[in-house]
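Participant: need a structure here:
(one chain, ligands or ions: 3)
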Amino acid sequence: MAADTDHWVFYFDPNRCIGCHACTVSCKQYHGRGSDADDWRTVTHHEEGTYPDVNDVPISMSCMHCHDAPCEKVCPTNAIEKRESDGIVTIDREKCIGCKYCGWACPFGAPTYGDEGLMSKCNMCLGQGPGAGADADSTAKHKQDGQAAVQPNCVSDCVGGAIKAGPQSEVIREASEAAANRFKSDNGRVIVEPFAEGSAAVDSTGSSDIITPFNAGD
Ligand code: SF4
Ligand code: SF4
Ligand code: SF4
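Facilitator: Ligands and ions are numbered 1, 2, ... in the order given. Got it, this is the predicted structure:
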C-alpha cells in the first residue's frame, strides 16, 4: 500500500462505466494529442459469450501512479520521478532518450511512445501538452491550499461518474469497504470497486467470470 496518504490515486467503479470513451477523448483534447497518438487513458472491452448473448464489461485505465513505480526503476536517465509531494509519476522529456525501457517495465502499458520520439503518459493533468508536468507545482488542477482540488479531465468529463482522483486518504473514505480493503491488502495501485451482483461480469454463483485487468487476481 502506498505509504503516503496524501499521494494522489485514481478510483474506478466498473459498475458505473458505460464504455463511452469520453474519458479517453477528454484526455487527448486537453493534452493536445492527435487522434492517431496512443491513448494515455484507454477503455478496453472485456467480453464473453456467443453472439447475440454477449456480455461486455468496459474498463477504463491509465497510468496508476504506482507507489513502487517499476517504470522509474528501469529508466537509465532518471527521467521518471514519483513526486514526493503528491505521488504523481511524471516523465521529464528533457531527460528522456526514447529507449522505451519504461514501456517494457510497466505492467499496464501506460507509457506511450511517439510524441516527438519520446515517451509520454498520464500526468494527472499536472500540465497541458505531451509529457508536461515533470516540474509542475500544484497547478490549477491540483490546488492544495484550502481550495477544492480540480479534478483531472478524465474525471470531470466521465459520463458515468465512474472515475475519481484525489489524495488517497480522501478517495478511500468515499470507496466501499470492499474496495478499500482490497486496495490496502494488495499492491495499492488504484482503488477499484468490485463488480456488483447482477453486473455482466458476475455469474449466477456470484463470482466474476469475465477476466479484466482489475479482477485477474481475484
Ligand atoms: S507507467 Fe506503469 S509502472 Fe509507471 S507508474 Fe504508471 S502504471 Fe505504474
Ligand atoms: S523511454 Fe525515456 S522515460 Fe522511458 S526509460 Fe527510456 S529514458 Fe526513461
Ligand atoms: S467516460 Fe466514464 S463511463 Fe465513459 S468510458 Fe470513461 S470511465 Fe467509462
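Participant: contacts, neighbours, all on C-alpha from now
Facilitator: Fine.
Participant: pretty sure residue 168 contacts residue 11?
Facilitator: No. Using C-alpha atoms under 8 Å, residue 168 makes no contact with residue 11, being 9.3 Å away.
Participant: contacting residues for the spatially closest residue to residue 6 that is not a sequence neighbour?
Facilitator: Spatial nearest neighbour of residue 6, excluding adjacent residues (C-alpha to C-alpha, 6 or more residues apart in numbering): residue 167 at 4.8 Å. Contacts for residue 167 were tallied using C-alpha atoms under 8 Å, 6 or more residues apart in numbering; they are 5, 6, 7, 8, 9, 86.
Participant: what about the strands in this protein?
Facilitator: Assignment of strands within the chain using DSSP state E yields the ranges 8-12, 42-50, 53-61, 80-82, 89-91, 112-113, 119-120, 163-167, 191-192.
Participant: Give the residue farthest from the middle of the chain.
Facilitator: For the chain, the residue at maximal distance from the C-alpha centroid (C-alpha atoms, centre = their mean) is residue 52, at 31.5 Å.
Participant: if we can go back for a sec, and the contacts of residue 167, which is closest to ligand 1?
Facilitator: Nearest to ligand 1 among the contacts of residue 167 is residue 9, at 10.8 Å by C-alpha to the nearest ligand atom.
Participant: List, one by one, the residues from this structure near ligand 1.
Facilitator: Of all the residues in the chain, those in contact range of ligand 1 (C-alpha under 6 Å from any ligand atom) are 63-66, 69-71, 89, 106-108, 110-111.
Participant: among these, which are within reach of ligand 2?
Facilitator: With C-alpha under 6 Å from any ligand atom as the criterion, no member of the residues of the chain next to ligand 1 is in contact with ligand 2.
Participant: Out of those, which end up buried?
Facilitator: Members of the residues of the chain next to ligand 1 that pass the buried threshold by neighbour count (16 or more other C-alpha atoms under 10 Å) are listed as 63, 64, 65, 66, 69, 71, 89, 106, 110, 111.
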